[in-house]
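Asks: let me see the structure of the following:
(chains A and B)
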2 protein chains.
Amino acid sequence: MTYCVGMVLESGLVLMSDTRTNSGVDNISTFRKLFHWQVPGERMIAVMTAGNLATTQAVVSQLEERTKAPSERDNTLLKGPTMFQVATEIGRLLRATIEDVQRANGDTGKGRFTATIILAGQIAGMQPRLFMIYPEGNFIEASWDTPFFQIGETKYGRPILIRGYDKGMSFEDAVKLLMVSFDSTLKANLSVGLPLDLLVIEKDAFAATHEHRVTADDPYFATISSGWGDALRSAFHSLPPYSFDGES
Amino acid sequence: MTYCVGMVLESGLVLMSDTRTNSGVDNISTFRKLFHWQVPGERMIAVMTAGNLATTQAVVSQLEERTKAPSERDNTLLKGPTMFQVATEIGRLLRATIEDVQRANGDTGKGRFTATIILAGQIAGMQPRLFMIYPEGNFIEASWDTPFFQIGETKYGRPILIRGYDKGMSFEDAVKLLMVSFDSTLKANLSVGLPLDLLVIEKDAFAATHEHRVTADDPYFATISSGWGDALRSAFHSLPPYSFDGES
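Replies: Model prediction:
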């Protein structure tokens, strides 16, 4: 499993992903699922991936044209004139990659090898954009009505995002919110695991404003993880008590 | 979908269930999923059901022997000498009911019509017990290591249960905790819906200590639902801020 969240704020984009991959609970590895590419002053593009690892690695490699010699490569992500076209191209590659391996495996391939991708970025002259790209190759775009996308194990960490998100919040508060959401997920599902990758993309910066890998010994994450339990219990006790007599 | 939670406390058992059933999002109904039977001074038994509604209603009807005239019925739940034997009997009926309808539907029946049941209760001379009964007919029992069971849409409401549960908590606090857990789930999943059914079974009471249906106009639930958002935001702001400079 996986857990990734991409979030649009008024001030830019914030992305966080875990790094655990598993094939059964007895076969666990760490792989990066958050990738980014930039042309300073012109564009900053990031993707996060969930699903079959061979599929997502193949898509990223094709985007970077790793089938060619390094000198002949022409990164698709750095060519698309708009984020919409970048999303279209990623969707096309994603669908084609899944179809190839499904077809090669006949009946046993049906419904397998799928993956989902969150795409975030900004190209000069346009707004920052956030997309969720489905295994079928189509995609949806975030808006202020639905300003964040989750992929993978989305449920445990969703209530706090719904309650805590505010489009005007600072990047620091957004990171704190994501850490709480990830901590709730980590505590409930072994298939989501540390380290976490964090990327903040400030609007019009066309660069990684802040990048950080949260490891098991990260002191801030430890503070959030232990502090959130106490804060939740305080919040719980601040609510009025239930009474057996007051029933309606 | 469904959401039900059964919880063991030192002082007894607390059960809560929603009442929404759906066959597609455009076909929603309200059905009771929490049932109880008692023999004053001797036993108090409750079940909560998730899964195929025809299956769960059939199981409950068979337990009550509704195939017979009322005067000839001999409720299985009121006969079993121990909770373990009651669980065994419910498991046998559940598996047989599922098998019957699957077999009648041939290939199209495979993997369908399944259901899961939470059983809670106490028989005089023994401790209160809580079981989760699987569609295969086998079951597990709660312990102080795992003192609550959830069925249906379990994920959204799980983090607060993990953080908030304490075996020594009062019934009133347990109800408050369940209301928070249900509120988080209701906010995230349309297939879980009000009203909620609540049942508190105090140890050695062999009766429903407290029973309540939480409807859409329940003032306490409204207080919890709106207050929890504020309390969560306060909890969130009480955590130390993230700093871009302090990264490890």
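
Asks: CA only for contacts and neighbour counts going forward, please
Replies: Noted.

Asks: now do the same for the residue of chain A positioned farthest from its centre: helix, strand or coil?
Replies: Most distant from the centre of chain A: A:Asp245, at 46.8 Å, with distances by Cα atoms, centre = their mean. For A:Asp245, the assignment made with DSSP: H, G, I helix; E, B strand; the rest coil gives coil.

Asks: what of A:Gly193?
Replies: Classification of A:Gly193 by three-state DSSP places it in coil.

Asks: quick check: which ranges of chain A have low pLDDT?
Replies: Scanning chain A for pLDDT under 70 picks out the ranges A:246-248.

Asks: ranges for the strands of it?
Replies: A:3-9, A:12-17, A:20-22, A:28-30, A:34-39, A:43-51, A:115-123, A:129-133, A:139-141, A:148-152, A:196-202, A:210-214 (DSSP state E).

Asks: okay, the angle between the last one and strand A:12-17?
Replies: Yep, that's strand A:210-214 we're talking about. Calculated by axes from the mean of the first three to the mean of the last three Cα atoms, to 10 degrees, strand A:210-214 forms an angle of 20 degrees with strand A:12-17.

Asks: pull out the buried positions in strand A:210-214.
Replies: The neighbour-count check on strand A:210-214 (16 or more other Cα atoms under 10 Å in any protein chain shown) flags A:213-214 as buried.

Asks: for the fourth one, same thing?
Replies: The neighbour-count criterion (16+ other Cα under 10 Å) identifies no buried residues in strand A:28-30.

Asks: contact partners of that strand?
Replies: Strand A:28-30 has contacts (Cα atoms under 8 Å, 6 or more residues apart in numbering or on different chains) with A:19-22.

Asks: next: the first one.
Replies: The contact list for strand A:3-9 (Cα under 8 Å, 6+ apart) reads A:13-18, A:48-50, A:118, A:120, A:128-130, A:142, A:147-154, A:166-169, A:178, A:182, A:185, A:192.

Asks: go again with 7 Å.
Replies: A:13-18, A:48, A:118, A:130, A:147-154, A:167-168, A:192 (Cα atoms under 7 Å, 6 or more residues apart in numbering or on different chains).

Asks: residues of chain A that sit close to chain B?
Replies: A:155-156, A:158-159, A:163-164, A:172-173, A:175-176, A:184, A:188, A:210, A:212, A:218, A:224, A:227, A:229, A:231-233, A:235, A:239, A:241-244, A:247-248 (Cα under 7 Å from any Cα of the partner chain).

Asks: for chain A, which helix is longest?
Replies: helix A:83-104 (DSSP state H).

Asks: that one packs against which elements?
Replies: helix A:53-63 (3 or more Cα pairs under 7 Å, 6 or more residues apart in numbering or on different chains; DSSP states H and E).

Asks: re the thing from before, in the longest helix of chain A, which residues are buried?
Replies: Result for helix A:83-104 [16+ other Cα under 10 Å]: buried residues A:83, A:86-99, A:101-102.

Asks: same question, stretch A:232-247
Replies: A:232-236, A:239, A:242.

Asks: using CSV, write out every CA atom in that stretch.
Replies: Backbone C-alpha positions of stretch A:232-247 (Å, rounded to 0.1, in the frame of the first residue of the first chain) are rendered in CSV as follows:
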residue,chain,number,x,y,z
LEU,A,232,-6.7,14.5,20.9
ARG,A,233,-7.4,13.3,24.4
SER,A,234,-7.6,17.0,25.6
ALA,A,235,-9.9,17.8,22.7
PHE,A,236,-12.0,14.8,23.6
HIS,A,237,-12.3,15.8,27.2
SER,A,238,-13.1,19.4,26.2
LEU,A,239,-16.4,18.2,24.7
PRO,A,240,-19.5,18.1,27.0
PRO,A,241,-20.1,14.8,28.6
TYR,A,242,-22.9,12.4,27.5
SER,A,243,-25.7,11.9,30.0
PHE,A,244,-27.9,8.8,30.3
ASP,A,245,-30.7,11.0,31.5
GLY,A,246,-30.7,13.6,28.8
GLU,A,247,-31.8,11.4,26.0
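
Asks: chain center to it, what's the gap?
Replies: 35 Å (Cα atoms, centre = their mean, to the nearest Å).

Asks: same deal with stretch A:67-84?
Replies: 22 Å.

Asks: for A:Met169, what are phi and psi?
Replies: phi -70, psi 160 (degrees, to the nearest 10).

Asks: beta partners of the residue lying closest to it once chain neighbours are set aside?
Replies: In space, A:Met169 comes closest to A:Leu9 once its chain neighbours are excluded; the distance is 7.1 Å by Cα to Cα, 6 or more residues apart in numbering or on different chains. Here A:Leu9 sits in beta bridges with A:Gly12, as judged by DSSP bridges.

Asks: now A:Leu9: how far from chain B?
Replies: When Cα to the nearest Cα, to the nearest Å is the yardstick, A:Leu9 and chain B sit 16 Å from each other.

Asks: number of nearby residues for that residue?
Replies: Neighbourhood size, A:Leu9 [other Cα atoms under 10 Å in any protein chain shown]: 21.

Asks: for it, give its distance to B:Ile123.
Replies: Noted for A:Leu9: a distance of 56 Å to B:Ile123, by Cα to Cα, to the nearest Å.

Asks: next one: A:Leu178
Replies: Distance from A:Leu178 to B:Ile123, by Cα to Cα: 47 Å.

Asks: those two: who's more crowded?
Replies: A:Leu178 (26 against 23).

Asks: please name the residues that touch the closest residue to that one other than its chain neighbours.
Replies: Sequence neighbours aside, A:Met16 is the residue nearest to A:Leu178 in space, at 7.1 Å (criterion: Cα to Cα, 6+ apart). With contact taken as Cα under 7 Å, 6+ apart, A:Met16 is in contact with A:4-6, A:196-199.

Asks: again, 6 Å this time
Replies: By Cα atoms under 6 Å, 6 or more residues apart in numbering or on different chains, the contact set of A:Met16 is A:4-5, A:197-198.

Asks: show me what it is bridged to.
Replies: Beta bridges link A:Met16 to A:Val5, A:Leu198, judged by DSSP bridges.

Asks: name the residues that touch stretch A:115-128?
Replies: Counting by Cα under 6 Å, 6+ apart, A:42-52, A:129-135 sit against stretch A:115-128.

Asks: just the buried ones from these, in ChimeraX syntax?
Replies: Selection of the buried residues among the contacts of stretch A:115-128 in ChimeraX, burial being defined by 16+ other Cα under 10 Å:
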select /A:43,44,45,46,47,48,49,50,51,52,129,130,131,132,133,134,135
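
Asks: could you identify the buried members of the contacts of strand A:3-9?
Replies: Buried members of those, scored by 16+ other Cα under 10 Å, are A:13-18, A:48, A:118, A:130, A:147-154, A:192.

Asks: of the contacts of A:Met16, which is the nearest to chain B?
Replies: A:Leu198 (11.1 Å; Cα to the nearest Cα).

Asks: in terms of contact, does that closest one touch A:His212 like I think?
Replies: Yes: using Cα atoms under 6 Å, A:Leu198 is in contact with A:His212, at 5.2 Å.

Asks: pull stretch A:32-41 out as PDB, backbone CA atoms only.
Replies: The C-alpha coordinates for stretch A:32-41 follow below in PDB (Å, rounded to 0.1, in the frame of the first residue of the first chain):
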ATOM      1  CA  ARG A  32      10.700   6.800  -3.400                       C
ATOM      2  CA  LYS A  33       7.200   7.700  -4.700                       C
ATOM      3  CA  LEU A  34       7.600  11.400  -4.900                       C
ATOM      4  CA  PHE A  35       9.600  12.800  -7.900                       C
ATOM      5  CA  HIS A  36      10.200  16.300  -9.200                       C
ATOM      6  CA  TRP A  37      11.700  18.000 -12.200                       C
ATOM      7  CA  GLN A  38      12.300  21.700 -12.700                       C
ATOM      8  CA  VAL A  39      13.400  24.300 -15.200                       C
ATOM      9  CA  PRO A  40      14.500  27.200 -13.000                       C
ATOM     10  CA  GLY A  41      12.200  30.200 -13.600                       C
END
